[in-house]
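# what's the 3D shape of this:
(one chain, ligands or ions: 1)
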Amino acid sequence: MLIMDNEKEIILDDSLSSPNYQMLLSLFAKPCFIANITRNEEKWFSLLNIPSRKAINFLISKQLIETATVEERIVKKYKLSELKTIVKTKGLKLAGKKEELAKRILEVSFDEMNSATAGMELYKCTCEGKEIAERYIQKRDNARLDASRLILSLLEKGEYSEAVSIGRSYYEPEMALIDTFTVQDISSDLYKVNVIMNETPGILANVEYTVIHRIRLAVVLSCFPPLAYFDTIPNDLVAGTNFDWDTAIRMLRFYIDNKMELLQYQAEGIRKVELLACNDSCIHCKKKNNKKYKISDVPELPNPNCTSPYGCRCIYLSVFDS
Ligand SMILES: [Zn+2]
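Numbers count the residues shown, from 1 in each chain. Presented below is the predicted three-dimensional model:
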C-alpha cells in the first residue's frame, strides 16, 4: 500500500506539468468554491484520472492554493444588499462596494464574521500558484487568439470550410466542463457560416458593407466557443441602427440561430409556429406576440421593424396541430 501511495505521489508531481492540472489551478486565480469543481466530478475525473478532491488536496499540499481570507469569504457569501443590512445594524457607514463594506464590518466584528463564514470551502492561489496559473491563462489566451486570427484570415479569403474545420478542431479542456456545449455536425456548421457571411437580416439592412462585414466575422467566431468575438469591437453605436456593437452582433447571431431552429422544426414535421415577444419588447414586436403562422410563411426574426435599443428578442415556438 505504501509503495502504491508513493507511486501516486510521484505521478502527481509529474502532473503539475499537465495542462489539465494547470487548468484546475487556474480556476483558483480568484477565490473559488471547491464545490464548484466537485459538482462536475465526472468530467473532472475524466480530465485528471483521480477524484477532483484528491487533486485539490495535492495542490494544497504543494502550497499552490490556500484558504481564502475572511474578507474574501464575506464578499463571496453575502449579496451587496445583505452586507448593507449588516453594516446598518452595526451603525457603520453605508456607502461603498462589497469589498469596502466587508473591510468595515471586519474592523469591528472580526471574530463574529470569521465564525459565520468558517465552514466555507473557499480557496485561492498562493503567490507561487498564481504564477503557474497566470502562465497557463496567458498561454491559453494566446492560443485562442492565434486560432481566431487564423479563422478570420480564412474567412477573408472565402475559405469557409477550412475556417470551419479550424473552429471545430480548436479545443480547450474547459469546454468539457460546460454542460451546454454540444458538437454539431460539420455540414450544419458550414451552412451556418455561409449564411452568416452572405445573408443580411432585415434588422441590419441599413448597415454599410464594411461594418456588417466586421459583424459577420464576429458572429462566426461566436459560433465556435470559446472563440468569442475579438476585442477590437468599438463600444459606440452601429451606424444605420440604434444598436451598439454587442447588440448588432447579437442580432445577426439571433438571425442564424432562429433560422437553424426553423429548419430543425421543419425536419421534425412541425407545420406551425407561434411568435413570442418579451414583456418589454417594442410595439412592433408586441403586435406579433402570440400570433401563429404556417412555417412556410413565418415572419423573419429578429423583427426587421424592431425599435428596441436592446434589439428584437422574439422567439419561435413550435405549435402542435391537434
Ligand atoms: Zn422589437
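# got the buried residues for the helix or strand Ile151 falls within?
Assessed by DSSP states H and E, Ile151 sits inside helix 127-156. Of all the residues in helix 127-156, those buried under the rule 16 or more other Cβ atoms under 10 Å are Gly129, Lys130, Ile132, Ala133, Tyr136, Arg140, Ala147, Ser148, Ile151, Leu152, Leu154, Leu155. Any C-beta I mention is one placed from the backbone N, CA and C, and that applies to glycine too.
# and for stretch 264-273?
Neighbour-count burial for stretch 264-273, counted by 16+ other Cβ under 10 Å, picks out Tyr265, Ile270, Lys272, Val273.
# can I get the residues you listed in CSV with distance to Tyr310, secondary structure and pLDDT?
Formatted as CSV, those follow (distance: Cβ to Cβ, whole Å; DSSP: H, G, I helix; E, B strand; the rest coil; pLDDT from 0 to 100):
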residue, distance to Tyr310, secondary structure, pLDDT
Tyr265, 25, helix, 93
Ile270, 28, coil, 93
Lys272, 28, strand, 95
Val273, 23, strand, 96
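# tell me the one among these nearest to the ion.
Ranked by distance to the ion (Cβ to the ion), these are led by Val273 at 17.6 Å.
# surely the closest one and Gln266 touch.
No: judged on Cβ atoms under 8 Å, Val273 makes no contact with Gln266 at a distance of 9.9 Å.
# shared neighbours of these two, which are they?
Residues touching both Val273 and Gln266 (Cβ atoms under 8 Å, 6 or more residues apart in numbering): Ile295.
# and the buried residues of stretch 264-273, which two are the farthest apart?
The largest distance within the buried residues of stretch 264-273, taken as Cβ to Cβ, falls between Tyr265 and Lys272 and amounts to 9.2 Å.
# ok, back up a step: and after the helix holding Ile151, which helix or strand comes next?
Taking DSSP H and E, what comes next after helix 127-156 is helix 160-169.
# counting by contacts, list what that following helix packs against.
Judged by 3 or more Cβ pairs under 8 Å, 6 or more residues apart in numbering; DSSP states H and E, the packing partners of helix 160-169 are helix 127-156, helix 186-198, helix 209-222.
# turn those helices into JSON lines, columns for mean pLDDT and distance to Lys98.
Below are the helices and strands packed on helix 160-169 laid out as JSON lines (pLDDT from 0 to 100; distance: least, Cβ to Cβ, whole Å):
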{"stretch": "helix 127-156", "mean pLDDT": "93", "distance to Lys98": "22"}
{"stretch": "helix 186-198", "mean pLDDT": "93", "distance to Lys98": "40"}
{"stretch": "helix 209-222", "mean pLDDT": "93", "distance to Lys98": "31"}
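# and His284, which helix or strand is it part of?
helix 283-287.
# quick one: is that helix near the ion?
Yes: judged by Cβ under 5 Å from the ion, helix 283-287 and the ion are in contact via Cys285.
# could you list the alpha-carbon positions for that helix in CSV?
Output of helix 283-287 as CSV, limited to C-alpha atoms (Å, rounded to 0.1, in the frame of the first residue of the first chain):
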residue,chain,number,x,y,z
ILE,A,283,-44.7,47.8,-30.0
HIS,A,284,-43.8,46.2,-33.4
CYS,A,285,-42.7,43.0,-31.7
LYS,A,286,-45.7,43.0,-29.3
LYS,A,287,-48.0,43.3,-32.2
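# in that helix, which residues are buried?
For helix 283-287, by 16+ other Cβ under 10 Å, it's His284, Cys285.
# how about stretch 12-29?
By neighbour count on 16+ other Cβ under 10 Å, the buried set for stretch 12-29 is Leu12, Ser15, Asn20, Tyr21, Gln22, Met23, Leu24, Leu25, Ser26, Leu27, Phe28, Ala29.
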